[in-house]
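Novice: One predicted model, sequence on top.
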Amino acid sequence: MTRLVLASSSATRAALLRAAGLDFEARPAAVDEAALKEAAQAEEAPPAEAAILLAEAKAARIGRRDTESLVIGADQLLVCGRDWFDKPADLAAARAQLQALRGRSHTLYTAMVLWRGGQRVWQHVATPRLVMRDFSDTFLDRYLASEGAAVLSSVGAYRLEGLGVQLFREIEGEHSAILGLPLLPLLGFLRQHGAIEE
């Protein structure tokens, strides 16, 4: 069987792979995500292209040194209107993000790039669409008090696997893609290439 490496420190992505029964090693890739994102925005790159660029940087960082493994790089951008969102720096920034997203639709550009043999062998971008409800300030206060610093690990300051699901009135797209790793396309690729059993 092919050895899988997840080029990420994301506990959520690792949990998704474990839950799907995959054996893998997590090896975080040190890349300057902020600089790459700034460059993509300066060049007016489409969000899907920027997400691929970020995922590619992570996969390449590990994949150039480990040419035997199948390396999974992943990244996610949240886009609402013309604005791109990052993970909030603190609870005040989380509140501001949620207020900006309240009552509006946004898209998550969730990209995966796989490297093997020192080169890219596959890429995929999922685009889940989510609509936040027009929740009250009272609910927002209760939500932030309940979730605390956990919201700082998620772009958009929400975690669907917790109380964050109550922020929404409509969700379209694969659940795992919303969490940061589109599992169904990944599993399909792995089966097709003999990395996991048919």
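Specialist: Received the coordinates, thanks.

Novice: Go through the helix or strand of the chain with the lowest mean pLDDT and flag the buried ones.
Specialist: Across the helices and strands of the chain, mean pLDDT, DSSP states H and E gives its lowest value to helix 33-42, namely a mean of 90. Neighbour counts over helix 33-42 (16 or more other CB atoms under 10 Å) mark Glu33, Leu36, Lys37, Ala40 as buried. The C-beta positions use only the backbone N, C-alpha and C, and glycine is treated the same way.

Novice: Spell out the residue ranges of the strands in this protein.
Specialist: Using DSSP state E, the strands of the chain run over residues 4-6, 25-26, 70-80, 83-85, 105-116, 119-126, 129-132, 168-172.

Novice: As a quick check, tell me the outermost residue of the protein.
Specialist: Distance from the C-alpha centroid of the chain, by CA atoms, centre = their mean, peaks at Thr138 (28.7 Å).

Novice: And the pLDDT at that residue?
Specialist: Looking at Thr138, its pLDDT reads 96.

Novice: Low-confidence ranges, this structure, go.
Specialist: Within the chain, the stretches with pLDDT under 70 are 1.

Novice: again, only this time at 90
Specialist: Applying pLDDT under 90 to the chain flags residues 1-2, 32-34, 38, 41-42, 86, 153-154, 159-162, 193-198.

Novice: What lies in contact with the longest helix seen in it?
Specialist: The longest helix of the chain (DSSP state H) is helix 47-63. Helix 47-63 is contacted from outside by 5, 7-8, 27, 29-31, 33, 36-37, 40-41, 45, 69, 71-77, 79, 84, 107, 109-116, 118-120, 123, 125, 127, using CB atoms under 8 Å, 6 or more residues apart in numbering.

Novice: What's the local residue count around the residue nearest to Trp84 when sequence neighbours are not counted?
Specialist: Computed as CB to CB, 6 or more residues apart in numbering, the closest residue to Trp84 that is not its neighbour in sequence is Leu77, at 5.9 Å. Counted by other CB atoms under 10 Å, the residues lying close to Leu77 total 21.
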